[in-house]
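In: Below are the sequence and a predicted model for it; my questions follow.
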Amino acid sequence: MPQAYVRRSAPEERTPRWDLLDWAVRGDREELLGVLYGGESVLIQHDGEPLLGRVPGARSGGMITSMSSTVGMTAGLLRELDLRAGHRVLDVGIGAGVTAAVACWVCGERGVVTVDRDPHVTEAARTHLAELGYRPTVVTGNGEAGWEERAPYDRVFVSYAVPWVSWAWVEQLAPGGRVLASVTGTSPSWPGLAVITRTAHGRVEGELRAVEFGHRPGHGFQRIFLSRAFVERISAADGGRSFHSRTAPPPDEPRGLWLAVAALRPGLVRNWGADHLMIGAPACGSWLTVRPGAAGTWTMTACGPRDIWDEIQTVAARWRAAGSPTSYRLCLDAHGEQWVSAGSGEKELAWSLPRPTSQEPTEVRA
């Protein structure tokens with residue numbers, strides 16, 4: 001990544017401002033290294049621009065349209081992918097080409113196919129990979145369709161969050177192969193990682209793991225968020241009603257519970273910047289805060305039509321009855337039905353993944 005953006009404006013400033021840092025500019029190098037390895041996503045494209053031949057400097061207005069995932073998360077997922085020499089790899093969502101470069105280095109470039117819908121992104125990735133000495137198959141097209149021409153694949157890696165698993169990725173998976181994809185709802189607070197395998201006998205098996213971090217959403221997949229004004233209203237307890245309980249809120253660590261909350265009670269967002277539990281529902285304006293009180297009690301303050309505290313406790317009871325799972329079975333069929341479950345019988349905890357109503361037309365260009 002010889003270039004990357006750094007934001008210079010406040011998060012909700014009306015006209016956002018960025019600077020494009022460039023490794024060729026000696027004065028940018030220290031800050032650029034901090035951006036690349038600072039633990040945040042790396043911003044690489046502004047307003048759908050071409051990535052090659054850009055002049056470094058200030059930009060204003062518009063929005064960031066492509067980014068590279070954090071280095072630490074990418075490294076962890078690549079370890080989970082367990083790449084081996086000779087593997088055929090489908091890399092969906094090129095970004096800066098980091099995953100494709102690692103796949104070429106480990107597996108050999110002849111077996112690597114990397115695809116992205118943005119021709120500027122694929123053009124830049126092709127150029128940067130060639131500068132490293134790698135020439136995989138680089139495709140401009142709809143990543144949800146995979147790339148059937150080079151299938152089957154031993155590994156499929158999806159570098160953006162999706163609401164469900166594309167069946168094309170499963171169909172194009174070789175026996176013994178594995179798919180990794182972030183599968184989440186509209187809330188960014190509690191992500192899941194789908195791990196799909198095809199056994200040596202061709203049977204498809206799936207697991208949805210509750211994880212701490214996940215990829216950002218792909219094209220057309222909108223996320224909800226807590227605006228600064230909403231957070232300030234919650235912090236001021238504007239219109240809130242308080243009550244006390246000896247029941248402690250669930251801790252952060254049982255992520256399997258919070259993944260179930262996100263799926264079964266959609267529309268909730270956690271403010272991770274608060275030093276206490278703060279959850280809001282942007283669609284209706286409901287919110288909940290929980291702080292430790294005196295003598296082992298907890299003080300809850302809530303507002304709005306949703307009883308978020310009761311929703312959490314209801315799901316928590318079902319989650320415990322299902323065995324307090326940290327991961328779930330992920331079932332898929334060729335007709336597009338996908339569902340998640342844990343436990344069995346009356347204690348089963350289950351939900352369906354939303355099937356996309358439409359998909360973009362497939363355009364492929366190698």
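Out: On my side now, so go ahead. Nothing here was measured: the structure is a model prediction, and the numbers come from that model. Numbering: from 1, shown residues only.

In: Now do the helices for the chain: every range, in order, please.
Out: 29-36, 71-81, 98-107, 119-131, 167-171, 228-235, 255-264, 308-321 (DSSP state H).

In: OK, contacts around the spatially most central residue of the chain?
Out: Centroid-nearest residue in the chain, with C-alpha atoms, centre = their mean: His215, separated by 2.3 Å. For His215, the contacting residues are 69, 73, 158-161, 182, 191, by C-beta atoms under 8 Å, 6 or more residues apart in numbering. Heads up, the C-betas are built off the backbone N, CA and C, glycines and all.

In: Report the separation between the residue nearest to Ser286 when sequence neighbours are not counted and Thr297.
Out: Leaving aside its sequence neighbours, Ser286 sits nearest to Gly304 (C-beta to C-beta, 6 or more residues apart in numbering; 2.7 Å). From Gly304 across to Thr297, the span is 23 Å (C-beta to C-beta, to the nearest Å).

In: follow-up on the earlier one: next one, pLDDT for the residue nearest to Ser286 please.
Out: Listed pLDDT for Gly304 reads 96.

In: ok, Pro292 - how many residues close by?
Out: If you count neighbours by other C-beta atoms under 10 Å, Pro292 ends up with 11.

In: one step back: quick check: closest non-adjacent residue to the residue nearest to the centre of the chain.
Out: His215 sits nearest to Ser182 (C-beta to C-beta, 6+ apart), 4.1 Å away.

In: Likewise for Arg228?
Out: Glu12 (4.9 Å).

In: Do you know the pLDDT at the one you found?
Out: In this model, Glu12 carries a pLDDT of 75.

In: For burial, what's the neighbour tally of it?
Out: 9.

In: again, but for Thr199
Out: For Thr199, using other C-beta under 10 Å, the count is 11.

In: Backbone dihedrals for it, please?
Out: With angles defined as degrees, to the nearest 10, Thr199 sits at phi -70, psi 170.

In: Now do it against Gly176, distance only.
Out: 7 Å.

In: List the residues that contact the residue of the chain most remote from its centre.
Out: Relative to the C-alpha centroid of the chain, counting by C-alpha atoms, centre = their mean, Ala295 is the outermost residue, at 39.8 Å. Contacts here follow C-beta under 8 Å, 6+ apart; on that basis Ala295 touches nothing.

In: Check it and give its pLDDT.
Out: Reading off the model, Ala295 has pLDDT 82.

In: Now for the residue nearest to His215, how many residues are close by?
Out: Ser182 has 23 nearby residues by other C-beta under 10 Å.

In: ok, it touching Ala210?
Out: No. Counting by C-beta atoms under 8 Å, Ser182 sits too far from Ala210 to count as a contact (11.7 Å).

In: quick one, what contacts Arg318?
Out: 260, 264, 349.

In: so how far is Ala210 from it?
Out: 15 Å.

In: ditto for Met63
Out: Applying C-beta to C-beta to Met63 and Ala210 gives a distance of 30 Å.

In: if I look at the residue nearest to His215, how far off is Pro191?
Out: Applying C-beta to C-beta, the value for Ser182 to Pro191 is 6 Å.

In: circling back to that earlier point, list the contacts for the residue nearest to His215?
Out: 158, 160-162, 191-194, 214-215.

In: Same check on Val92?
Out: Counting by C-beta under 8 Å, 6+ apart, Val92 has contacts 115, 143-144, 146, 156-160, 169.

In: Thanks again, I'm all set now.
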